[in-house]
Every structure is written in C-alpha cells, then in structure tokens.
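In: using only what follows, build the 3D model:
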Amino acid sequence: MSEPAPDPRLHSLINDLRPGVVRRVRVTGFDGADVLVQLVDAEGGAAAIGRIPRHEASMRHLAHSSELFEVGQEIDAEEIGRWREGQLHLSARACEIPALRSFLLAFEPGQVVAGTVSAIHNFGVFVHVDGEPDGLCTGFIRVPDLTWGWINHPAETVEVGQRITAEVIISETRSGQVTLSLKALQEDPLIQFAVRAGRVLTGPIAKIVPFGVFVQLAPDVVGFLHLTELTDEPVESPDQLVDEGELITVKVAEVDLQRHRVRLCAVGGADASLDWPQEG
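Out: Got it, this is the predicted structure:
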C-alpha cells in the first residue's frame, strides 16, 4: 500500500521559509517604516545595500522602525530574498533573540519533539516545546495537523497542560516558531480503509456543503458524495434533500491515498468521474 505523496505546494512553502544567511548590516536611513541598510564586509567596508521591511524589523509591535533602530547602528539580519533591482531583502526579527534563533535552528523537518500544551484556540494549539528559552512559547499545531479525523474544535483532541509528542514540519526564525504535527505520528486511516473501495456502506451525513455531502464511513474516515449523485432534479442545496446526522447508503467509488480523498457514488447509480471539491 503506497504512502501519501508530499504536497509539492507545501514543500515549496517550507523551502521558502527555511532560515537564510545572517548578514552584518549598518542602518543608513528609513524609507517610510522600512529600514535601509548597508552590508558590512569583514574589513568594515560597504559591500551592498539592503532593506528591512517594517514587518521584518521586530517581533514587537512598533509604530515606526526608528523606535528600535538609529542611523549608524550595526545589527545582524537574516537574508530572505532580493528586492527590486537586486536589493537585498532582510529580516532583523529573525536575529532579534539569539537564544531563540539558536533553539529554532536545531530542528529539522521530520524530527520528533516533546512539549506541553500551553493554549488552545479555534485556529490551533500553542505548545511549550521542551528546552525552549524561558518566557517564550515556540510550538504551534495547526488544526489540520491535529488529527486525521474531523473535529469541531481543537479542544476535542488535546487539553491545556497535556504532554504531547509531535513531528516538526518547519522551524521558522522569522516567526520565532516551530510548526508541529500530531497527525504525522498517527497512521493514515485511509491506508487500511482502501480495501473497502467498491463496497456499499451506510453512515451518517457528517457535513452538508453547497455541492454535496460528506459521509462518515469509519472512525476518522469521511467520503464525499456529489450533489448530482443525490438527485437528478435541480435543487439549490443538498439540505433540501437530506439532513446532517441522517444515515445514507453509498458506494465507495474511489480511495485516493495520494490526495487523501474518498469519492462516493449513489448505490446502483452511474459511477461518474467527479472532481473532489476544493475547499476555501
């Protein structure tokens, strides 16, 4: 049974967020709230010019970058790209707390770490990662990385004070954060469910969306039934035909391990080739 392939879009994003080279720069002025700098070589001479955008100046909230920097001051900044006409694009916030930067640079994607749940919000979970600098909270788990199953709120999976083990997705010096995944250490439920392709199953409707319904087929496994499989009559929404929680019998048309998707069709109906809906 094949393992799900990594999402190339996520891989590209992770590469873009990897820490860059640290450069020593001297502040030469300000362009609005951006900081204009000049790179300094080993002998102290001018090597190139660069820019630190306002949002890359500090992790603290500043009305203007001049609250933190002054002309002539030398600082360390991380190279993060090129601005117009080759001008260096730099981040001072990535080097703002040396102990934090050293801590984050020690992580590699795929590394397993331990920590304690610090706070739970509807958008994700904050984690105190073992060994982090005092006074900081460096770990974060996005909602999709908490579990393979469907949840209404992250509090359904963890609680404050709970000890957890998670896999590192990416460690970002610019955000001062290491993104973690609990799901990565759990077996993909579709791997075992794949043997049910072609079978007829009955399960409750987990969610109704404008283009169809999601059906709970097994613990942590839902499949999608397109609106056209529910009826041949024109309707504005599936909720005119079915209700959430209602039991429905369907056929498992396809289990796509690469995209982690289950496509359903009506029992006895034509197995039309339907694209899985793109959410968001």
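In: give me the sheet partners of the helix or strand Phe224 falls within and which way each runs.
Out: For Phe224, the element it lies in under DSSP states H and E is strand 221-226. Partners of strand 221-226 in the sheet, by DSSP bridges, are strand 212-218 (antiparallel), strand 261-266 (parallel).
In: okay, the residue nearest the centre of the chain and Pro219: tell me how far apart.
Out: Residue closest to the average C-alpha location in the chain (CA atoms, centre = their mean): Arg142, at 5.8 Å. In this structure, Arg142 lies at 22 Å from Pro219, with CB to CB, to the nearest Å as the measure. Glycine gets a C-beta too; all of them are placed from N, C-alpha and C.
In: what about the strands in the stretch 101-250 of the chain?
Out: 112-121, 124-129, 139-142, 163-172, 177-181, 200-209, 212-218, 221-226, 247-256 (DSSP state E, counting those that start in this stretch).
In: packing partners for the fourth one?
Out: Applying 3 or more CB pairs under 8 Å, 6 or more residues apart in numbering; DSSP states H and E, one finds that strand 163-172 makes contact with helix 8-17, helix 98-105, strand 112-121, strand 177-181.
In: where in the stretch 151-280 of the chain is pLDDT low?
Out: 268-280 (pLDDT under 70).
In: give me that answer again for 90
Out: Applying pLDDT under 90 to the stretch 151-280 of the chain flags the ranges 151-152, 219-220, 230-241, 258-260, 267-280.
In: hang on, the earlier thing: adding distance to Arg263, write the strands of the stretch 101-250 of the chain out as a markdown table.
Out: Shown next, in a markdown table, are the strands of the stretch 101-250 of the chain (distance: least, CB to CB, whole Å):
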| stretch | distance to Arg263 |
| --- | --- |
| strand 112-121 | 33 |
| strand 124-129 | 29 |
| strand 139-142 | 25 |
| strand 163-172 | 27 |
| strand 177-181 | 25 |
| strand 200-209 | 13 |
| strand 212-218 | 10 |
| strand 221-226 | 6 |
| strand 247-256 | 4 |
